[in-house]
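Trainee: Here's a sequence, model it:
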Amino acid sequence: MLEIDINADLGEGFGPWQMGDDEQLMTLISSANIACGFHAGDPTIMRNTLARAKTLGIDAGAHVGFPDLVGFGRRRMAIDPQTLCDLVLYQLSAISGLADMIGHPIRLMSFHGALGNMIAEDESLATPLVAAVAAFNPALIIKSSISPCIRDAAEKCGGVQVETVFHADRAYDADGLLVSRKLPGAVIHDKQQVMQRVSHFLRTGTAITAAGNEIAIPARSILVHGDNAGAVALARAIREEVERLGGKVLPLSQLSSTFTQER
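Mentor: Now for the predicted structure:
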């Protein structure tokens, strides 16, 4: 049976400012990537989001980024690898402390925005940062776009679990990396086009690149960006499409241990 995790970036408000309809979105997804206060979020939002994840029985994950509230973590920053490791460990520690107190430990982690893109394409960053995550908690599942750099780094750490995420609303390049948001067409806003991509991925395990070529996407998880307009409707449509194809939506940590690319 087709088993798919639907995850979303959540908790990305700050203080009284709300980003996205997390309340509704969390009823449709199976895993939550929760901002840890650097690119967005704050302690209260983190605690509330973790508590709701526990109530709904969905996986909680840390979504760590650059210390860049103004740029929402989408601006590249020149920070030395050791300092970056410390920044990531700080964020993991903060959300893990809250999660343990609530009784719903984090199971996943992902790198947000520009930090995630840089690690995915740069072995000199991926190696120390993945090692830092493994040292913090080797049981954490690292979620990323297609990235040999991250997978190789995970193997060096003794085989930390890495799960590829399919980005329904983001264009891919020939290597399966995400096209820079600075380029036209990098973000796909049309819901019909996004759903065509989702349906194609669910049926074939592939995606069409920005250049029009087909590439394999070895993923079991589909990402919905919670800050996008229409995220709730999109998550609902994706869930309905998975079920229409006879599949089941499950938290990433509950998917079958054996992955096959065959649909």
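Trainee: So for the longest helix along the chain, what gets flagged as buried?
Mentor: Selection of the longest helix in the chain by residue count, based on DSSP state H, yields helix 81-102. Counting neighbours by 16 or more other CB atoms under 10 Å, one finds that the buried residues in helix 81-102 are 84-85, 87-89, 91-92, 94-96, 98-99, 102. Every residue, glycine included, has its C-beta placed from N, CA and C.
Trainee: following that helix, which helix or strand shows up next?
Mentor: Once helix 81-102 ends, the next helix or strand along the chain (criterion: DSSP states H and E) is strand 108-111.
Trainee: Would you confirm that Thr164 contacts Ile222?
Mentor: No - with contact taken as CB atoms under 8 Å, Thr164 and Ile222 are classed as non-touching, separated by 10.7 Å.
Trainee: between the two, who's got more neighbours?
Mentor: A count of neighbours by other CB atoms under 10 Å puts Ile222 above the other of Thr164 and Ile222, at 28 against 20.
Trainee: out of the buried residues of helix 81-102, who's nearest Cys36?
Mentor: Of all those, the one with the least separation from Cys36 (CB to CB) is Gln91, at 3.7 Å.
Trainee: Next, find the distance separating that closest one from Gly247.
Mentor: Between Gln91 and Gly247 the computed distance is 33 Å (CB to CB, to the nearest Å).
Trainee: give me every residue that touches Val249.
Mentor: 4-6, 30, 239, 242-243 (CB atoms under 8 Å, 6 or more residues apart in numbering).
Trainee: let's see it at 10 Å
Mentor: In this structure, Val249 makes contact with 2-6, 28-31, 222, 235, 238-240, 242-243, judged by CB atoms under 10 Å, 6 or more residues apart in numbering.
Trainee: Pull out the buried residues from those residues.
Mentor: The buried subset of the contacts of Val249 - by 16+ other CB under 10 Å - is 3-6, 28-31, 222, 235, 238-239, 242.
Trainee: Which ones among those map onto helices?
Mentor: The helices in this structure, assigned by DSSP H, contain 235, 238-239, 242 from the buried ones among the contacts of Val249.
Trainee: okay, among those, which ones form the most distant pair?
Mentor: Between all members of those, the longest pairwise span (CB to CB) is found for Ala235 and Val242 and amounts to 10.8 Å.
Trainee: so what's in contact with those two at the same time?
Mentor: By CB under 10 Å, 6+ apart, the residues touching both Ala235 and Val242 are 6, 222, 249.
Trainee: correct me, but the second one touches Arg170?
Mentor: Spelled out, that is Ile222. No - contact status for Ile222 versus Arg170: not in contact, 11.4 Å apart, counting by CB atoms under 10 Å.
Trainee: Quick check: neighbours shared by those two?
Mentor: Here Ile222 and Arg170 share the contacting residues Arg197, scored by CB under 10 Å, 6+ apart.
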